[in-house]
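# 3D model of this:
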Amino acid sequence: MPFSFFNPWFWLAAVAAAAPVWLHLRHKRQTNVVRFSTLRFLDDQPAPLQSPLRLRNLILLALRVLALLLVVGAFCWPYSPGVDTAPIRESRVYVLDNTLSHQANDGFGQDRERVLNGIARAGSDVQVAVVELAAAPRVIVSFSDDRQTAQRKVRGLRPSFQRGSYLAAFRQANALLANSFGQEKRIVFLGDNQANQWNENVHTPPFLGDVQVELPKPAAGRLPNLSLSDARAQRLFQGDKSLVNLTIKLTHAGEARTADFILRANGQVISNRKVDLDGQPESILLQAQWEAEPASWLRGEAVVEGQPDALAGDNRVFFSLAPVTEGKVALLAQSPYLRLALSPEIMRGRWAARVLEPSRLEAEVAAGQDADVLCLESNYLQSSEARKLLWRYLGNGRGVILLLNRVTPTIRGYLRELGFEADEAIDASERGEERFQFVFSNHPIFHPFLSPDFGNLMEVKVYKFIRLRSAQALPLVFSETGAGLFFQGTKSQGKLFVAAFGLDREHTSWPVHQTFIPFVDLALQAARAEDPTPTSFEPGEVSFIQLPAGAVAREVVLRDEGRELARSSVEQGRARLRLPDQPGLYTLTYDDRPQIQQILSVNPSPKESELTYVESPEALRAWRVDSVPSAARTALPAPRARIPVSGILQQRWWWWMVLAGLAALMLETVLAEMRKERA
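Presented below is the predicted three-dimensional model:
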């Protein structure tokens, strides 16, 4: 029968058994003997010395040594594996999905009760742990927690709006099982088996070895749902009016015929209408426009309601918009239409234009007083000073809008440095004008033109343009013949937009079209250096908040209606902040100053609204490790369980050794007292 010790290194203390032996041997000699003169005649008849090695003292010595060895052995915790113990038969980890999609039909509440029942019914030979699947996997219950504590922790969980990773949760559960004692290792996954979650990590290398996995069986392949997402708000100017253009994506799946849509901004109802869903695609782009004060923060939310709807947590979306700050434009162009569009009468409060004189470009380069955006025509690139000015704007992160009204060999060479190849000039008026055919509507410049209130871009005509090619630029507008007409460069630090034509009546009809003024405003907004702080986040997301250039702060403070939620120190111009778990609008301030620096909108991930499920995910099969063939695994003997401390204390070895040590100490004490009395 194998015999082991839990702490075998404690046997080093057995060297202390030499102490009783040394004490007995020490009394063998008499030391410090004082001789008296009156006793000198007794030396002829010496009394026999009493030897310490009589049987009675040997028994005392043996008892002392035995008691010491028994105490040391008890501290070593002896045990016999598999004998008179209760080994751990199974180590079980529950992975409880606490993402937004699992709230559908109260799936989270039902699975939480299943975990509680599993903990209550688990025997003493079953280890139980619980991992919460959220934005980051978290161990809620560890193997060392007792059952009452485990149930209290699980019962305290509340549904969240976060999105988590199945892969991260399974890795966390596998790490717990790697250090467990059970002969069987099992992961019980309590989630909704969302298809997009499984498909994110199909090609992950395998890591689950000798671990059984239980998956739930979805009740249906897909559930009906209504959801709102992707709220995008922009400020536009039409004459003296400051307008807000908002687009929201409404997604519907199921048998819902209509939906009630309510839009609120700064406490006022902007829109309350019924949306017809019958015969519509699954994703519908809803638009709204209203007049708003440009100097104030805009806070808004939109809500949709309809039936059937299995998930109500994604029926609301929040958005915010910063107040307008006047930008600066440096204009090096002769187009009268462009100058009129940037005049104070039209762009007052939005853009302040400063017209550059071609004869004073050298002084402009030397001054170094750059505006937010440089707008120039290509014929000025014949001047080396104009080329230096353009490079400086791009190198400093400023925006540039370049209008190609002319090309020469010098200009072609400079365009090549910018990442563009300029071919021949095209005069489309000889065979009929070119029209806009394709516009990248998801780009911030052209996204508002999805609304017909700003005009139809397909009506814009182009008479003369330069045929451009670029492998380092993103084309945003194509003509009917497939020629690129408007590009965004990606080579420079600053934003560069290049139009293949000039903005005058000789090249295009755009300056007299109703979309021209909104286009100029949006193009300048897009070219302007953006605030590095994002404004849209997901619940529970951890993000680094980058402070704008020139901002001075020691801490950033996150608040909800004046109530402080989090505070983070600023290091090297940025702060690490964890966003709240609940969707909503939250304000960001610096230090203890009341001024609002940002309004952050927290919305659930649109992927959580895709209530499509799989029964047998391919990713789980890819995660398994087949280290031992299945036929050979059945022939292997069951692994010996590692005995925990509780199992060792259940064995009799430890108790008998402790009792024997105490008995030896008591007997040694009695014999020592009897010896003193006889002496």
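# only C-alpha atoms for contact and neighbour calcs from this point on.
Will do.
# backbone phi and psi for E618, please?
Backbone torsions of E618, given as degrees, to the nearest 10, read phi -70, psi -30.
# ah, wrong one, I meant T669
Main-chain torsions, T669, degrees, to the nearest 10: phi -60, psi -40.
# any idea how far it is from A551?
Computed as CA to CA, to the nearest Å, the T669 to A551 distance reads 80 Å.
# These two - which one has more neighbours?
T669 (15 against 9; other CA atoms under 10 Å).
# Buried residues of stretch 328-340, list them for me.
Across stretch 328-340, burial judged by 16 or more other CA atoms under 10 Å covers 328-333, 337-339.
# how far does that stretch sit from the chain's center?
In terms of CA atoms, centre = their mean, to the nearest Å, the centre of stretch 328-340 is set 44 Å apart from its chain centre.
# which residues sit against it?
346, 351-358, 370-377, 380, 503-504, 511 (CA atoms under 8 Å, 6 or more residues apart in numbering).
# so what's the spatially closest residue to Q598 that is not a sequence neighbour up against?
Spatially, and ignoring its direct neighbours in sequence, Q598 is nearest to L588 (5.0 Å; CA to CA, 6 or more residues apart in numbering). Neighbouring residues of L588 by CA under 8 Å, 6+ apart: 556-559, 596-600.
# Over to L228?
Counted by CA under 8 Å, 6+ apart, L228 has contacts 248-251, 302-304, 314-317, 606.
# Please apply the same query to E377.
By CA under 8 Å, 6+ apart, the residues touching E377 are 332-334, 402-405, 502.
# what about 7 Å?
With contact taken as CA atoms under 7 Å, 6 or more residues apart in numbering, E377 is in contact with 332-333, 402-405.
# Same check on E424?
The contact partners of E424, taken as CA under 7 Å, 6+ apart, are 466-467.
# so what's the residue nearest the centre of the chain closest to, chain neighbours aside?
Against the mean C-alpha coordinate of the chain, by CA atoms, centre = their mean, the closest residue is E541 at 4.7 Å. Sequence neighbours aside, L579 is the residue nearest to E541 in space, at 5.4 Å (criterion: CA to CA, 6+ apart).
# For Q369, grab the count of nearby residues.
Neighbour number of Q369 under other CA under 10 Å is 8.
# And it, how far from L390?
Distance from Q369 to L390, by CA to CA: 13 Å.
# and stretch 166-173, which residues are buried?
166-170, 172-173.
# What about those residues, which are in helices?
If you go by DSSP state H, these have 166-170, 172-173 in helices.
# Relative to G267, which of the residues you listed is nearest.
G267 lies nearest to Y166 out of these, by CA to CA, at 38.9 Å.
# OK, contacts around that closest one?
Counting by CA under 7 Å, 6+ apart, Y166 has contacts 197-198.
# Could you break the chain into its assigned domains?
Residue ranges for the domains of the chain, per automatic domain parsing: 4-83+647-678, 90-222+613-635, 225-318, 327-527, 536-602.
# List the contacts of the nearest residue to F516 once chain neighbours are set aside.
Nearest non-adjacent residue to F516, counting by CA to CA, 6+ apart: W510, 6.0 Å away. Contacts for W510 (CA under 7 Å, 6+ apart) come out as 460-461, 516.
# swap the cut-off to 8 Å and go again
Contacts of W510 (CA under 8 Å, 6+ apart): 460-462, 503-504, 516.
# any idea how far Q572 is from it?
Distance from W510 to Q572, by CA to CA: 45 Å.
# again, but for G109
44 Å.
# Looking at these two, which one has more neighbours?
G109 (17 against 7).
# secondary structure element for F189?
Using DSSP states H and E, the element containing F189 is strand 184-190.
# Make a PyMOL selection of the buried ones in the contacts of L588.
Provided next is the PyMOL selection string for whichever of these are buried by 16+ other CA under 10 Å:
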select buried, resi 556+557+558+559+597+598+599+600
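# of all the contacts of L588, which comes closest to D230?
D230 lies nearest to L600 out of these, by CA to CA, at 14.3 Å.
# That closest one - that's part of a helix, no?
No - assigned with DSSP: H, G, I helix; E, B strand; the rest coil, L600 falls outside any helix and is strand.
# And for it, nearest residue in space, chain neighbours not counted?
Leaving aside its chain neighbours, L600 sits nearest to T535 (4.7 Å; criterion: CA to CA, 6+ apart).
# show me what contacts the one you found?
Going by CA under 8 Å, 6+ apart, T535 touches 320, 598-601.
# burial of the closest residue to Q514 other than its chain neighbours, as a residue count?
Of all residues not flanking Q514 in the chain, G455 sits nearest, at 6.0 Å (CA to CA, 6+ apart). For G455, the neighbour count with other CA under 10 Å is 17.
# what's the answer for G279, then?
Using other CA under 10 Å, G279 is surrounded by 7 other residues.
# before we move on, what SS does it have?
Applying three-state DSSP: G279 is coil.
# Now for it: which residues touch it?
So G279 contacts nothing (CA under 8 Å, 6+ apart).
# where's it relative to A256, distance?
Distance of G279 to A256, given as CA to CA: 11 Å.
# can you tell me which of the buried residues of stretch 328-340 are in strands?
Using DSSP state E, 328-332 are the members of the buried residues of stretch 328-340 that sit in strands.
# Of all pairs in the residues you listed, which one spans the longest distance?
Pairwise across these, and taking CA to CA, the largest span is found between K328 and L332, at 13.2 Å.
# Tell me which stretches of the stretch 301-450 of the chain form helices.
Secondary structure of the stretch 301-450 of the chain (DSSP state H, counting those that start in this stretch): helices at 336-341, 344-347, 361-367, 384-395, 409-418.
# Redo these as a markdown table? Include mean pLDDT and distance to V439.
Below are those laid out as a markdown table (pLDDT from 0 to 100; distance: least, CA to CA, whole Å):
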| stretch | mean pLDDT | distance to V439 |
| --- | --- | --- |
| helix 336-341 | 93 | 21 |
| helix 344-347 | 88 | 25 |
| helix 361-367 | 88 | 35 |
| helix 384-395 | 92 | 25 |
| helix 409-418 | 92 | 23 |
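# which of these sits most buried?
helix 384-395 (a mean of 18; mean count of other CA atoms under 10 Å).
# phi, psi of the nearest residue to G267 once chain neighbours are set aside?
Nearest non-adjacent residue to G267, counting by CA to CA, 6+ apart: G300, 7.8 Å away. Backbone torsions for G300, taken as degrees, to the nearest 10, come to phi -150, psi 170.
# how close does G300 get to R232?
Applying CA to CA to G300 and R232 gives a distance of 11 Å.
# Overlap of the contact sets of the two?
Common neighbours of G300 and R232, counting by CA under 8 Å, 6+ apart, are F319.
# Compare these two (neighbour count), which wins?
For G300 versus R232, neighbours defined as other CA under 10 Å are more numerous around G300 (23 against 18).
# Now do the contacts for that one.
Shown in contact with G300 (CA under 8 Å, 6+ apart): 263-267, 318-320.
# Show me the residues you listed that map onto strands.
263-265, 318-320.
# Quick check: which of the contacts of G300 has the minimum pLDDT.
Among the contacts of G300, G267 has the lowest pLDDT, at 91.
# Was I right to think I346 contacts D240?
Yes - the criterion here is CA atoms under 8 Å, and I346 meets it with D240 at 7.5 Å.
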